[in-house]
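Student: Got a predicted structure plus its sequence, pasted below:
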2 protein chains.
Amino acid sequence: MRSINVGILGFGTVSSGTVRILQENAAAITARVGANVQVKRVAVRDLSKPRDAELPASALTTNPEEITTDPDIAIVVELMGGVEPARSLISQAIAHGKSIVTANKEMVAKVGHELRQQAHDVGLDFLFEASVGGGIPVIATLSESLAGNRIKEIVGIVNGTTNYILTKMTTEGAAFGKVLAEAQALGYAEAEPSADVDGHDARYKIAILASLAFGTRVDAEAVTAEGIRHLSPRDIAVAGELGYRIKLLAVAQTAQNGIRVRVYPALLPLTHPLATVDGVFNAVFLRGDAVGDLTLIGRGAGALPTGSAVVGDIAACARNIVAGTTGRVPYSVAATDTPVLPSASAWSRYYARVRVLDRPKALATIATVFGDYGISIESVVQRAMPDEEAEIVWITHEGRESDVLAALTAIHALPVVRSVDAAIRVVA
Amino acid sequence: MRSINVGILGFGTVSSGTVRILQENAAAITARVGANVQVKRVAVRDLSKPRDAELPASALTTNPEEITTDPDIAIVVELMGGVEPARSLISQAIAHGKSIVTANKEMVAKVGHELRQQAHDVGLDFLFEASVGGGIPVIATLSESLAGNRIKEIVGIVNGTTNYILTKMTTEGAAFGKVLAEAQALGYAEAEPSADVDGHDARYKIAILASLAFGTRVDAEAVTAEGIRHLSPRDIAVAGELGYRIKLLAVAQTAQNGIRVRVYPALLPLTHPLATVDGVFNAVFLRGDAVGDLTLIGRGAGALPTGSAVVGDIAACARNIVAGTTGRVPYSVAATDTPVLPSASAWSRYYARVRVLDRPKALATIATVFGDYGISIESVVQRAMPDEEAEIVWITHEGRESDVLAALTAIHALPVVRSVDAAIRVVA
């Protein structure tokens, strides 16, 4: 039986998981692929560091070019993260005839198009299932299974750290800062948490999904991101009473004359398939014109789940190598050039929590302002609070987001209003 | 640009959906595939019958061999249903060099292995995504994305008719017969409902999934099936009070020395990802050694959702034809010959509802019998009923199924017991 050699750039968590899966499930993978797939070499920074997977010392190198230029290696797996030197090494590997598998969302979001094109031009594969949603097969589903669909909408929970934090805030009623500190102590959140909690990680991922779904190049910089730092346990509790959960969503939608691609926290009704996706689980909800609603839920991170996606891509590459048909799926992402529309022109339902002086007509005064801005109200709940205050929680019907926010600015300026404590989108 | 001609056998619901998708999304499909994919001919029984998709009259034929032997047709899509003449026509089409796409679960479950082998031997594709779960990409996920995993368990809601009936019984508290009659009036259930409500349809589907997941040939006849006719609104209500939903599940699991593949109704805790999959939606829960838990939820039937799966397979075939690599995914299902174990030796948790005379020690007497058979109890709820009766609802810990059923037979014979009204498995 033929052997196919794999070289891996980087030996962190996902790389260790990948090596272990290829070793432990070698017999099954060989039967499914029709070739022996084996790890020939792994590029590391520090040869002496202990690893979670066993390889002979001779398989490790500190020189990644020993992988990208090795004529015996057919598949290069890039698991370094970051744009450089990943991009240059991948480009070099393609120039040396290697197919590419990567889990690097930042690199794929920022420069994936040029590398995909380079690979496609010479008939090689560039696969990146592991860059979004860990073990969830969302890239394959969009690229292959849904090839007959026009995608209307993607709604994803694609960041496990924030989903873990929001789940803890929901179950424990704890504040963001406290839960973040716990998550950092457990290793679920980074010491510098901004990439997760401010939505940048999710931005890369939804840019990748939107590019595939809409056949256009979505620049991650054009994706607006709101994070979860400002969410309070009070809003999570009130949303819960009203039958909603708050999740950090990555959303891509078709609109007139373009698409909208954004990251924001939102209230989801409990009947929504993403509402009960908790903890470190990720999920992607897709709406296609033919398939209808499709939801994929699974582990969004970790050595073995993400390694599962990497090995799935390695198997796909290996099958293509055996069949002599790398580069089989055409690169159609640049097919159209659909503009990413600005956020302000979007329409959404909103949840708004307003603290007022407990006076007659406070509610009516605020409702009038909403009306002045053309925002109609779906539901409203007022309750008395200490110190002669009251809390009024509004759920609006769909309105232009810029109008809702302008109305809330005007409401904030009303004498009867103490503060506008929250304004969070609501997903139907 | 190259054109690839498709011929379709059958022009029912799914066929009409397939034709419409190929027509309406032609531009997107062409960009994704790298070829024009067009329907050249459709075989029908009755030329004069009105259809939900538009094709020129010249494209219709009553002679399927005009499709299976036409040298201009590269892909034959079989949407007739049933084993014959589908099997013979597919075999003829493969002999004439055509790749095959089918949605025919009964044919795939019963004779799919021989046709896959025939196609593989001559380097052609035999794809059947649409045979299980409508638009849900479960076959592709098992065959490709999870190629690195050893699958431990599959739990599916794969029959929309029974899920619709159980959902209605749950929301309306109505009896099986009443809801079935309504479903028949609405066209959601057949006049002869046995294939759905007795679990045979689900049996074919789980046999297909188990064959793929475990790399062995699972004979649909070896799959035991219990249906939903015996489920009462009382059990659905009691299960609901205890935090469970009752669903008809298709289950395939690895076990010592073999696998278990079965269809049965079961209680699912509300926290299980399948518990809230309602109405005509289908879902498949997969557990792999690397990916962990993965859940796919979508529309399990209908012209466009199932057509989406058919067109996804057509696109995969067309990409392989463009790349000159049909038959790219090896046929590895016959790789092992794992026995399907008998049901009686399985272990399960059980829900049992027992009606007793409201006497002291009724509960203790029954508990003693469970203990005699080595079955330990997780929870028990007794409540008084009219006519000096009481209802006792037991949830057992995991026990050998044959022991649980023997214990219930002994319990039924106790003088204090009026009847054992229900014994339903509970999924953790």
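Tutor: Everything's here; your move.
Student: Just the CA atoms of stretch A:338-345, as PDB, please.
Tutor: Output of stretch A:338-345 as PDB, limited to C-alpha atoms (Å, rounded to 0.1, in the frame of the first residue of the first chain):
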ATOM      1  CA  THR A 338     -20.600  41.500  -3.100                       C
ATOM      2  CA  PRO A 339     -20.300  44.600  -0.900                       C
ATOM      3  CA  VAL A 340     -20.400  44.200   2.900                       C
ATOM      4  CA  LEU A 341     -23.000  46.800   4.000                       C
ATOM      5  CA  PRO A 342     -22.600  49.100   7.000                       C
ATOM      6  CA  SER A 343     -24.100  48.100  10.300                       C
ATOM      7  CA  ALA A 344     -26.200  51.300  10.800                       C
ATOM      8  CA  SER A 345     -28.500  50.500   7.900                       C
END
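Student: who's in contact with the residue sitting nearest the centre point of chain A?
Tutor: Nearest residue to the geometric centre of chain A (C-alpha atoms, centre = their mean): A:Val158, 3.2 Å. For A:Val158, the set of contacting residues under the criterion of C-beta atoms under 8 Å, 6 or more residues apart in numbering or on different chains consists of A:Val132, A:Gly133, A:Asp201, A:Ala202, A:Lys205, A:Ile206, A:Ala250, A:Asn282, A:Val284, A:Gly300. Backbone N, C-alpha and C define where each C-beta goes, glycine included.
Student: and those residues, which two are the farthest apart?
Tutor: The most widely separated members of these, counting by C-beta to C-beta, are A:Asp201 and A:Val284 (14.7 Å).
Student: So between these two, which is more surrounded?
Tutor: Between A:Asp201 and A:Val284, counted using other C-beta atoms under 10 Å in any protein chain shown, A:Val284 has the larger neighbour count: 29 against 23.
Student: Check what pLDDT the residue in the stretch 1-150 of chain A positioned nearest to chain B gets.
Tutor: Across the stretch 1-150 of chain A, the shortest distance to chain B (C-beta to the nearest C-beta) belongs to A:Gly148, at 3.0 Å. Confidence at A:Gly148, expressed as pLDDT, is 96.
Student: And for A:Gly187?
Tutor: Per-residue confidence at A:Gly187 stands at 86 (pLDDT).
Student: Repeat that for the one 10 residues further on.
Tutor: A:Val197 is assigned a predicted lDDT (pLDDT) of 97.
Student: wait, it sits on A:Ala225?
Tutor: No - assessed by C-beta atoms under 8 Å, A:Val197 is found out of contact with A:Ala225, at 10.5 Å.
Student: tell me the contacts of A:Glu192?
Tutor: Going by C-beta under 8 Å, 6+ apart, the list of residues near A:Glu192 is empty.
Student: Which helix or which strand is home to A:Leu89?
Tutor: helix A:86-95 (DSSP states H and E).
Student: List the buried residues of that helix.
Tutor: Neighbour counts using 16 or more other C-beta atoms under 10 Å in any protein chain shown place A:Ala86, A:Arg87, A:Leu89, A:Ile90, A:Ser91, A:Gln92, A:Ala93, A:Ile94 of helix A:86-95 among the buried residues.
Student: want to try CSV for these, with pLDDT and distance to chain B as columns?
Tutor: Supplementary listing: the buried residues of helix A:86-95 in CSV, determined by pLDDT from 0 to 100; distance: C-beta to the nearest C-beta, whole Å:
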residue, pLDDT, distance to chain B
A:Ala86, 98, 22
A:Arg87, 98, 26
A:Leu89, 98, 23
A:Ile90, 98, 21
A:Ser91, 98, 23
A:Gln92, 98, 25
A:Ala93, 98, 21
A:Ile94, 97, 18
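Student: Take those residues and lay them out in TSV including distance to B:Arg319.
Tutor: Written out in TSV, the entries for these read as follows (distance: C-beta to C-beta, whole Å):
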residue	distance to B:Arg319
A:Ala86	28
A:Arg87	27
A:Leu89	28
A:Ile90	23
A:Ser91	25
A:Gln92	28
A:Ala93	24
A:Ile94	20
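Student: Just the pLDDT at A:Asp387, thanks.
Tutor: Reading off the confidence values, A:Asp387 has pLDDT 89.
Student: what about it, which SS state?
Tutor: For A:Asp387, the reduced secondary structure class is coil; criterion used: DSSP: H, G, I helix; E, B strand; the rest coil.
Student: Against A:Ala362, how distant is it?
Tutor: Per C-beta to C-beta, to the nearest Å, A:Asp387 is found 14 Å from A:Ala362.
Student: Tell me which of those two has more neighbours.
Tutor: Between A:Asp387 and A:Ala362, counted using other C-beta under 10 Å, A:Ala362 has the larger neighbour count: 20 against 7.
Student: May I have the residues that are in contact with that one?
Tutor: Residues in contact with A:Ala362 (C-beta under 8 Å, 6+ apart) are A:Val356, A:Ala390, A:Ile392, A:Val416, A:Val417.
Student: Repeat that for A:Lys152.
Tutor: For A:Lys152, the contacting residues are A:Gln253, A:Thr254, A:Arg287, A:Gly288, A:Asp289, taking C-beta under 8 Å, 6+ apart as the criterion.
Student: In JSON lines: the contacts of A:Val158, plus distance to A:Arg319 and pLDDT.
Tutor: JSON lines is the format used below for the contacts of A:Val158 (distance: C-beta to C-beta, whole Å; pLDDT from 0 to 100):
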{"residue": "A:Val132", "distance to A:Arg319": "22", "pLDDT": "97"}
{"residue": "A:Gly133", "distance to A:Arg319": "22", "pLDDT": "96"}
{"residue": "A:Asp201", "distance to A:Arg319": "31", "pLDDT": "96"}
{"residue": "A:Ala202", "distance to A:Arg319": "31", "pLDDT": "97"}
{"residue": "A:Lys205", "distance to A:Arg319": "26", "pLDDT": "98"}
{"residue": "A:Ile206", "distance to A:Arg319": "29", "pLDDT": "98"}
{"residue": "A:Ala250", "distance to A:Arg319": "30", "pLDDT": "98"}
{"residue": "A:Asn282", "distance to A:Arg319": "26", "pLDDT": "97"}
{"residue": "A:Val284", "distance to A:Arg319": "25", "pLDDT": "98"}
{"residue": "A:Gly300", "distance to A:Arg319": "26", "pLDDT": "92"}
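Student: Please work out which residue of the stretch 251-400 of chain A is closest to chain B.
Tutor: Taking C-beta to the nearest C-beta, the stretch 251-400 of chain A has A:Val311 as its residue nearest chain B, at 2.9 Å.
Student: can you give me the angle the helix or strand containing that residue makes with helix B:303-323?
Tutor: The secondary structure element spanning A:Val311 is helix A:303-323 (assigned by DSSP H and E). Computed with axes from the mean of the first three to the mean of the last three C-alpha atoms, to 10 degrees, the direction of helix A:303-323 lies at 50 degrees from that of helix B:303-323.
Student: Output helix A:303-323 as CSV - backbone C-alpha positions only.
Tutor: What follows is helix A:303-323 as a C-alpha-only set of coordinates in CSV (Å, rounded to 0.1, in the frame of the first residue of the first chain):
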residue,chain,number,x,y,z
ALA,A,303,-6.8,18.8,20.9
LEU,A,304,-9.0,16.0,19.7
PRO,A,305,-12.1,17.8,18.3
THR,A,306,-10.0,20.2,16.3
GLY,A,307,-7.6,17.4,15.5
SER,A,308,-10.6,15.5,14.1
ALA,A,309,-11.2,18.3,11.6
VAL,A,310,-7.5,18.5,10.7
VAL,A,311,-7.4,14.7,10.1
GLY,A,312,-10.6,14.9,8.1
ASP,A,313,-8.9,17.4,5.8
ILE,A,314,-5.7,15.3,5.7
ALA,A,315,-7.9,12.3,4.7
ALA,A,316,-9.5,14.4,1.9
CYS,A,317,-6.1,15.5,0.6
ALA,A,318,-4.8,11.9,0.8
ARG,A,319,-7.8,10.6,-1.1
ASN,A,320,-7.2,13.3,-3.8
ILE,A,321,-3.5,12.3,-3.9
VAL,A,322,-4.4,8.6,-4.3
ALA,A,323,-6.9,9.5,-7.1
